[in-house]
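Undergrad: Requesting a structural model of the entry that follows:
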Amino acid sequence: MSMRLTFLPVLLVLPLIACGKPSAEPQRSEASPAGPPLAHALPDMGSAEISGDTAVEAENPIVTALAAARERHDFVWLGLSEAEAQAQAEAKAVPWRVVRRDGADLPATRDHRPGRVSAHIVEGLVLAVLIEGEGGGPSPYEGVILPELLPFIGLSEAESEAAARESHRPWRLVSRDGEQFMVTMDYIEERVNAIVRDGVVVAANNG
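TA: This next block holds a predicted model:
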C-alpha cells in the first residue's frame with residue numbers, strides 16, 4: 001500500500017500553532033512516553049545551572065534535561081526561565097507571549113506579527129519557542145513539543161539519528177536551514193522529526 005507524500009509543515013513545535021498530529025488523536029501526556037525506555041532520555045546529571053541564577057534540581061528530570069541540552073548547544077531561548085526569556089525579548093525589542101504552560105494551552109490571538117516569540121513553558125522554563133517569520137513564511141524556532149525529545153536536540157544530524165536509533169525510535173529530517181523536505185503523512189508516535197539549523201538539530205517533534 002503506497003503512502004502519500006507531502007511537505008510536512010515546519011510549524012511542529014508549539015501545539016497551539018502546530019498541526020503535526022491528527023486532530024482525532026488524543027493529547028499525549030508529557031509525563032510518561034509510550035514505547036520502550038529511552039536510553040538517552042532525561043539523564044541524571046546532578047545539580048547544574050541553566051542560565052543566570054536559575055538553579056535546577058537533580059530530582060526534576062525535565063529541568064536536568066534542559067540543562068543538558070544547553071550544554072550541548074548555545075540555544076537562544078531554550079531553558080531560560082520565563083522571566084529571563086521575557087527580559088531577553090524586551091532587550092531585543094520583539095513581542096513576547098506564552099501560548100502554553102505546563103501542558104495547558106493559553107488564550108492567544110491568531111494574527112501574524114513578524115518577530116513575535118510564542119513560548120511553551122514547563123516547570124517555569126522555556127521548552128520551545130516559535131518566532132514568527134516575515135511574510136508568513138517558515139518561522140525559525142527551537143525546542144521540543146515533549147520533554148522526552150530533549151535528548152535528540154543540540155546534536156548534529158548524525159548524532160541525533162544515532163541517539164534515536166539507540167532509543168529504538170525512528171528518526172527523519174523534516175527541515176534544514178528553512179528548506180522543508182517531502183515526507184510521508186503516516187503518524188508514528190515514537191518517531192523523531194528533526195529540524196536542523198546550521199548543522200545542529202535545534203527542534204524536534206514526534207509523529
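Undergrad: List the contacts of Gly124.
TA: Contacts for Gly124 (C-beta atoms under 8 Å, 6 or more residues apart in numbering) come out as 81-82. Glycine gets a C-beta too; all of them are placed from N, C-alpha and C.
Undergrad: any idea how far it is from Glu148?
TA: Gly124 is 19 Å from Glu148, where distance means C-beta to C-beta, to the nearest Å.
Undergrad: Next, the residue lying closest to Ser156 once chain neighbours are set aside: phi, psi?
TA: Nearest residue to Ser156 in three dimensions, chain neighbours excluded: Gly199, at 6.1 Å (C-beta to C-beta, 6 or more residues apart in numbering). As for Gly199, its main-chain torsions (degrees, to the nearest 10) stand at phi 80, psi 0.
Undergrad: hang on, Gly199 packs against Leu155?
TA: No. Applying C-beta atoms under 8 Å as the test, Gly199 and Leu155 come out as separate, 10.0 Å apart.
Undergrad: Assign Trp77 to helix, strand or coil.
TA: Here Trp77 takes the coil state, with states given by DSSP: H, G, I helix; E, B strand; the rest coil.
Undergrad: Relative to Glu157, how far out is it?
TA: Trp77 is 21 Å from Glu157, by C-beta to C-beta.
Undergrad: same check, this time on Ala85
TA: 27 Å.
Undergrad: higher neighbour count, those two?
TA: Ala85 (23 against 15; other C-beta atoms under 10 Å).
Undergrad: Apart from its neighbours in sequence, what residue is nearest the more buried one?
TA: Val126 (5.1 Å).
Undergrad: can I have the helix or strand the one you found falls within written out in CSV, keeping just the CAs?
TA: Assigned by DSSP states H and E, Val126 belongs to strand 125-131. Extracted in CSV, the C-alpha atoms of strand 125-131 (Å, rounded to 0.1, in the frame of the first residue of the first chain):
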residue,chain,number,x,y,z
LEU,A,125,11.4,27.2,31.9
VAL,A,126,11.2,27.6,28.1
LEU,A,127,10.7,24.2,26.5
ALA,A,128,10.0,25.6,23.0
VAL,A,129,9.6,28.9,21.1
LEU,A,130,8.3,29.8,17.7
ILE,A,131,9.4,33.1,16.2
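Undergrad: need the contact list for Gln86.
TA: Shown in contact with Gln86 (C-beta under 8 Å, 6+ apart): Trp96.
Undergrad: Now Arg101: closest residue in space that isn't a chain neighbour?
TA: With C-beta to C-beta, 6+ apart as the criterion, Arg101 has its nearest non-adjacent residue at 4.6 Å, and that residue is Ile121.
Undergrad: For the host helix or strand of that neighbour, which strands pair with it and how are they oriented?
TA: Ile121 is located in strand 117-122, with elements delineated by DSSP H and E. Neighbouring strands of strand 117-122 in its sheet, by DSSP bridges, are strand 96-101 (parallel), strand 125-131 (antiparallel).
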